[in-house]
Each structure stands twice: as structure tokens, then as C-alpha cells.
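Enquirer: starting from these lines, generate the structure:
(2 chains)
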There are 2 protein chains.
Amino acid sequence: MEKEIRDVVMIGAGPSALAAAVYTTREDIDTVLYEKSVIGGLAAITDQVDNYPGFPDGIPGLQLADQLQKQAERFGAEIEFGDISAIKDMGDYKSVTVDGKEVKAKTVLIATGSDYKKLGIPGEKEFYGRGVHYCATCDGAFYRDKRLVVVGGGNSGLQEAIFLTRFATHIDLLVRSTIKASEILQHDIQQYVDSGKITIHLGTTASDISATDGKVSTVNAVKDGQPISFATDGVFVFVGLLPNTQFLGGTNIELDELGLIKTDAHLQTSMKGVYASGDVRSGATMQIASAVGEGATAALSIREFLEEQKHAA
Amino acid sequence: MEKEIRDVVMIGAGPSALAAAVYTTREDIDTVLYEKSVIGGLAAITDQVDNYPGFPDGIPGLQLADQLQKQAERFGAEIEFGDISAIKDMGDYKSVTVDGKEVKAKTVLIATGSDYKKLGIPGEKEFYGRGVHYCATCDGAFYRDKRLVVVGGGNSGLQEAIFLTRFATHIDLLVRSTIKASEILQHDIQQYVDSGKITIHLGTTASDISATDGKVSTVNAVKDGQPISFATDGVFVFVGLLPNTQFLGGTNIELDELGLIKTDAHLQTSMKGVYASGDVRSGATMQIASAVGEGATAALSIREFLEEQKHAA
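Expert: Now for the predicted structure:
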């Protein structure tokens, strides 16, 4: 019995894949999405999305995820739960391993996103999106005239701390060992330290995040073996990204130095017929709007690839 | 009296600029948009937008445009009417000529879009979006099991006619003189001609579009000097794009062979501090989702440029 070859297998069912699926299915391109955890991705676990264009007063992340899913399903997208362990280029088709079984596909869209690295301390998970944040562009504006704690001494820690001074009255920047950021950022942050806007605490490891009346109020930490506490209205954590690309080991799909997938102007990866969009793509902005836009663009590239392949056959 | 230098001047107020403005203004970046015709761009004059991700049942184009505008204004975007005639790089700032007067800006976003070339025949304007269309990806799905007329003998005419066979029962393809498309497309379309799905009419110039009971029903044309009529449910016109880049004459901003603006991975043009996004950018998909996504990405690049410039000062 010969297995059917799907037009497109999408890996992940976050905003980027769902947007791509709206496009492909609306054009009668046979589409299946495999998701290993949450449909809607990071958007679905975001309390309030304020900057996805089209919703003037913002929209709860879960509702946006739900609407994206409904729209993709309206045109016929199949969304299934499944874990991908490999992609192989078989010439005429791609072999995708889903929960240990082979699914054949003419094209593949990788839209597995990236996760933010976590501190793994008490309170972090509990207050995610409601006092604990990983994206300054997304959530910084909720902290106008508030105090913040920022965790991280790398490039993004310093850069986002500087950015958050637009909103916050004062920022405590906790750095576990020493600052690892570029010299230019170290130079840039100095004026904020001099003006008292940012206080840098080296050798300081956050140990837990606690709340008063259900709102984040304190970050407890250890500095040089001694406990120390920081009163705050919110915590931003910038300790790195984890692109979801583990299943690409053994392929020739090229990654950048951060482990994100390199693509050309058509969002095609270095494996022909395999595309990448959203937060897993090199150059990702970690913004829903960008992920959705890239999903649409990838879908058009996939459509073109399928038509060329059909006529070449 | 020294004129104030704006953080960012956006040229155009379509979906891409409005999305960018949501991002910049939410981050307290001083932002002004100049629009010469319709706020919301092509989206605002689209009857129903079915594939902008987030609205499961679609949304009227005018409503989407209105919601994008409200969201940008909520965070403080200034939207003004004005016609841009020049951009000059003055080193420390850009000089933008608006209605003959100079506006100074640290950065510029060009998001002026592209217009579809029109046939300029009676009925075309009247039935725009309700029987007369310029985008198969946007509106093709409204013509399942219907008859269509497609106008255009270039690459996009043939490619989109082939694509529209997914939906339409039959397509009359009107070509004014001879086919100008690539050999591969001419080869590809042959099987649809052979199967009777597409009928090609060379030397055929559409002269007017008429309706019965308010719905498009006929395209009247002239073939070899004789009148000829085509019964149809809708008309798709693919006779070219007009990127809105006239004001860039005399700048060093590079365009591609179609007249669209070339950008790097950060959406920066060949003039430092000047960005482009949406339908005016080389590689544009003419999709609202892509335009919005690129607007968000451009806004993040602009933020970074402004911060670097501030610290260099």
C-alpha cells in the first residue's frame, strides 16, 4: 500500500504556521500541521497581546490563538498532535518522522518557534505574563512609571534594560557573574548608571519571585553568598533563546550562530522545498505580527514550488 | 528658529505603515505618517478581507483599516495628509519634502505600496472588489465553480489563470496582442487549454464590463476589429504593478527591475536610516499579512537605529 504524499506538512501550530495554513488551505493545498505542545504557541500563553495589528484595544493571547486556529480550520487545515524527530530529503518528496512514523510531503514548513530560556526559580512560571516577562517590546509598555528588575548580563540583557528605561522609573539589573555584552552596549549603559536610572548588581543570582496580594512585589537573590531583595513591579528575563530545531540534527538545513534556521528571500531553507517562518527563522523578531506575515509569505512560496513541481512532473 | 527633527517619518498610511506605527508609538518613538490618498491603503478599498490572520470569518477591508488606524492612534501616532516629493540624506538627518515644505527626520519608513495597473474601461472601477479583482490569492476562492475572465498575457496573467483553475469551472484568457510570458508558463498552460479549462483569446481587447441585476455578467471585447462578448461571474486583471516610488527619482535608493525598493534583511534601503516595507518593497507579496509583518519588523529595526544613533551622539 502506497502512502499518500501530502502537499505540505507544517511543523508547529503557532501563529506563523496557522497563518500559512489559512493561505494554503484557502487555495485548496492539502495541509496538515503537527503540534507537540500548545496550539497557538507562545501567543496562546500570553495574557494580553497589545500590538498585534488589527485589534485596537489588544486581544487576550488565548483568544487570538483560538481565532487563528478557527480561521485555518475553516478552510480545511488538519491540526494534529505529534512530535517530529527527523526530516529527510528523498528527492521527489520529503520524509517527515512523526511520532516514529513516516509522513511523506511535497513541501515542509518549519514553524516551531523558539522558547525563551527560563531561570527555573519559584514564582517564574506562576507569574508568567503577569509580572514575569521575556519580551520588552511586547510588555515593556505595561510598566510606565514602575520599578523593574531585569535579569541578564549578555547583549540582550543590557540592550533591553536600556530600552525599558523609556518606561520604568528605575531598573535593577541582575547579572549572575560578569557582564558578557558588547563593549558598545557596556559604554551605552553607563549614562543610565550615572543618572541613577539603572543599578547593575554583578555576581547576583535571582532565587525566587514573590508576590503581595497576587502581584509581583519582590525578587529575592543571592549576592556573594548573602541574601538580597529587590522591590519591584515586574521582572524581565533575558538569558537567551532556545530555537526548537533539535529534530534538524543530521540534516543539511543550515542554522545561524544562535541555532536559528537560515532562509533565502522566499523563506526557503537550504533544503529545497523546505521553508521556515516565524520565531525559528534567522532574523526572527519574536513578534506575532512578523511571524504571521512570514507565514503568509512562506505559503505563497510553497504554492509556487508546488506548481513548478506539478508542471515539471 | 530651528525645526524639530522627528524620530520617524512614515510615507504612506496603509497596513504596513500603520502596523509599524503601532510598534514605534507604543515604544514612545515620535512618529508621523503622511498619506496622500486613503488611510488604510488598498485594504481600505477591499470589500471583504478573508485571509488576514486573526479574523476567522473575514473582515470588511474598511473595518480592518479603521481598526489599524485606531490602534496606531491609541499609542500616539500622528496621521496627516500630505504628498512627498523628495527625500534627501543630510548626514545627521533626512530631509523629507512634504507638500513643498521640509520635514526633518532621524529615520524614514517608505510604505507607499503599489497600485495595480487598470484597464481603464467602463465597469472596472464600479465593480472593483465585487466582480473585478487584481489579486487571485486574495479573491480567487470566492469563485469556486464559477466562470471567470482573466485579462493579461504576461507572466502573471498566465500564472494566475492557471492558479484560478483551482476554483473556476472555465476561464477565458484575454490577451491584447500576443503572449509575453516565459516559455515554461506557455508550456504549463497548454494542458489546461487541451482539457478545455482555459480558452486563450489572442488579439482581444476588453472594452467594457457589464452587469445584470448588479452582478458582473459580461465582458465585452474587440477581437480583430469585431465585437465579442464573454459571459462570466468575475474578472481578474493582471496587466502589471505601479510601485509608488516616483518621489525617489534623484535619490540613491536602489530599485529592482520592477521598480520596487530593494532592502536588506533588516528592511533597510540603500540609504542608511531609510527603511521600506509592504507592497513597495522588492519581494512584496501584495498581501496585508506580509505588509503588516514587515511593518513590525521595520519598526524594530528603526528602534535599533535610533538607539545606536542616540548613543553615538
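Enquirer: only C-alpha atoms from now on, for both contacts and neighbour counts.
Expert: OK.
Enquirer: now the biggest helix by length in chain A and helix B:288-312, what's the angle there?
Expert: As assigned by DSSP state H, the longest helix anywhere in chain A is helix A:288-312. Put simply, helix A:288-312 runs at 130 degrees to helix B:288-312, going by axes from the mean of the first three to the mean of the last three C-alpha atoms, to 10 degrees.
Enquirer: neighbouring contacts of helix A:288-312?
Expert: Residues from elsewhere that reach helix A:288-312 (C-alpha atoms under 8 Å, 6 or more residues apart in numbering or on different chains): A:7-8, A:15-21, A:23-24, A:29, A:43, A:52-53, A:106-107, A:109, A:266-268, A:273, A:275-279, A:284, B:53, B:188, B:285, B:287, B:289-294, B:296-297.
Enquirer: what residues does the stretch 1-150 of chain A put near chain B?
Expert: Selection of the stretch 1-150 of chain A residues close to chain B by C-alpha under 8 Å from any C-alpha of the partner chain yields A:19, A:22-23, A:26-28, A:51, A:53-57, A:64-65, A:67-68, A:70-72, A:74, A:137, A:141.
Enquirer: change it to 6 Å
Expert: Contact residues (C-alpha under 6 Å from any C-alpha of the partner chain) of the stretch 1-150 of chain A with chain B: A:19, A:53, A:54, A:56, A:67, A:68, A:70, A:71.
Enquirer: quick one: mean pLDDT for whichever helix or strand the fifth one is part of?
Expert: So the one you mean is residue A:67. Per DSSP states H and E: residue A:67 is located in helix A:61-74. The average of the pLDDT scores along helix A:61-74 is 96.
Enquirer: give me the below-cutoff pLDDT ranges for chain A.
Expert: Counting by pLDDT under 70, chain A contains low-confidence ranges at A:1-3, A:311-313.
Enquirer: so for it, the centremost residue is which one?
Expert: In chain A, the centroid-proximal residue (C-alpha atoms, centre = their mean) is residue A:114; its distance is 4.0 Å.
Enquirer: can you pull out the helices in the stretch 151-300 of chain A?
Expert: Under the criterion DSSP state H, counting those that start in this stretch, helices of the stretch 151-300 of chain A are mapped to A:155-164, A:183-194, A:288-312.
Enquirer: tell me how many other residues crowd the nearest residue to the residue nearest to the centre of chain A once chain neighbours are set aside.
Expert: In space, and not counting its chain neighbours, residue A:114 is closest to residue A:243: 3.9 Å by C-alpha to C-alpha, 6 or more residues apart in numbering or on different chains. Neighbourhood size, residue A:243 [other C-alpha atoms under 10 Å in any protein chain shown]: 20.
Enquirer: look up which residues are beta-bridged to residue A:79.
Expert: For residue A:79, the beta-bridge partners are residue A:33 (DSSP bridges).
Enquirer: that one contacts residue A:33, correct?
Expert: Yes - using C-alpha atoms under 6 Å, residue A:79 is in contact with residue A:33, at 4.8 Å.
Enquirer: the more surrounded of those two?
Expert: Neighbours per residue (other C-alpha under 10 Å) separate residue A:79 from residue A:33, with residue A:33 holding more: 25 against 20.
Enquirer: which residues touch that one?
Expert: Counting by C-alpha atoms under 6 Å, 6 or more residues apart in numbering or on different chains, residue A:33 touches A:9, A:10, A:11, A:79.
Enquirer: ok, residue A:24 to residue B:291 distance?
Expert: As judged by C-alpha to C-alpha, to the nearest Å, residue A:24 and residue B:291 stand 18 Å apart.
Enquirer: what does residue A:297 give?
Expert: In terms of C-alpha to C-alpha, residue A:297 sits 10 Å off from residue B:291.
Enquirer: now do residue A:130
Expert: Applying C-alpha to C-alpha to residue A:130 and residue B:291 gives a distance of 30 Å.
Enquirer: more neighbours, the two?
Expert: Counted by other C-alpha under 10 Å, residue A:130 and residue B:291 do not tie: residue B:291 has more neighbours, with 33 against 18.
Enquirer: what's near enough to touch residue A:67?
Expert: By C-alpha under 6 Å, 6+ apart, residue A:67 lies in contact with B:54, B:56.
Enquirer: how near is residue A:296 to residue B:144?
Expert: According to C-alpha to C-alpha, residue A:296 and residue B:144 sit 21 Å apart.
Enquirer: actually residue A:94, not the one I typed
Expert: Residue A:94 is 30 Å from residue B:144, by C-alpha to C-alpha.
Enquirer: more neighbours, these two?
Expert: Between residue A:94 and residue B:144, residue A:94 has the larger neighbour count (other C-alpha under 10 Å), namely 25 against 13.
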